[in-house]
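Trainee: My questions concern the predicted model and sequence given below.
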Amino acid sequence: MAQASATRDEGPSLALGSLGTLHWVGIVLAAITGVIHLVLGVSFLPSPFGVAFVVAGVGFGLGIAAILLDYRRRLFYVLGALFTLGQVVLWYQVNAADIAAGDVGTIDIVDKVAQVLLVAVLVVLYRRES
């Protein structure tokens, strides 16, 4: 009698062994900006501005998850770089007068530095894996 062997699909699993130092730097930078967006977003709710911030924070979290799970990393490098760069440009446009007056808060600086560095990390990761 032949024994039936059932294979179980255990679903996604972490692919931590495939992550290098640069991946971890990107994950930390994405976590920093993601948490900032979530905290600010919750404080602005229920305004559309607050919702947009929460969505952005969740987006960073999903990007982190995709990298940790090794799910289409190259695609997420590109999407993450474009998404983050778009946020930097949008922030600059919305805050141009404050920036010109030197009225930029610490949270803004931390967030934008993290985002600019994240874009650089994602570009390097994409180029390395191409």
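Mentor: Structure received.
Trainee: all contacts plus neighbour counts: C-alpha atoms, from now on.
Mentor: Will do.
Trainee: so where's the chain shaky on pLDDT?
Mentor: 1-11 (pLDDT under 70).
Trainee: just the helices in it please.
Mentor: Along the chain, counting by DSSP state H, helices occupy 21-44, 48-68, 73-94, 96-100, 106-128.
Trainee: what's the closest of those to Ser13?
Mentor: helix 48-68 (8.5 Å; CA to CA).
Trainee: How far off centre is that closest one?
Mentor: Taking CA atoms, centre = their mean, to the nearest Å, one finds the center of helix 48-68 at 7 Å from the center of the full chain.
Trainee: Let's see that helix as CSV, backbone CA atoms only.
Mentor: Provided in CSV are the C-alpha atoms of helix 48-68 (Å, rounded to 0.1, in the frame of the first residue of the first chain):
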residue,chain,number,x,y,z
PRO,A,48,-7.6,63.4,5.1
PHE,A,49,-4.1,64.5,6.0
GLY,A,50,-4.1,62.1,8.9
VAL,A,51,-5.4,59.3,6.8
ALA,A,52,-2.7,59.9,4.2
PHE,A,53,0.0,59.8,6.9
VAL,A,54,-1.4,56.5,8.3
VAL,A,55,-1.5,55.0,4.8
ALA,A,56,2.1,56.1,4.2
GLY,A,57,3.2,54.5,7.5
VAL,A,58,1.4,51.3,6.6
GLY,A,59,3.1,51.4,3.2
PHE,A,60,6.5,51.5,4.8
GLY,A,61,5.5,48.5,7.0
LEU,A,62,4.4,46.5,4.0
GLY,A,63,7.6,47.3,2.2
ILE,A,64,9.6,46.1,5.2
ALA,A,65,7.5,42.9,5.3
ALA,A,66,8.1,42.3,1.6
ILE,A,67,11.9,42.6,2.0
LEU,A,68,11.9,40.3,5.1
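Trainee: Count the neighbours of Leu82 for me.
Mentor: Leu82 has 15 neighbouring residues, counting by other CA atoms under 10 Å.
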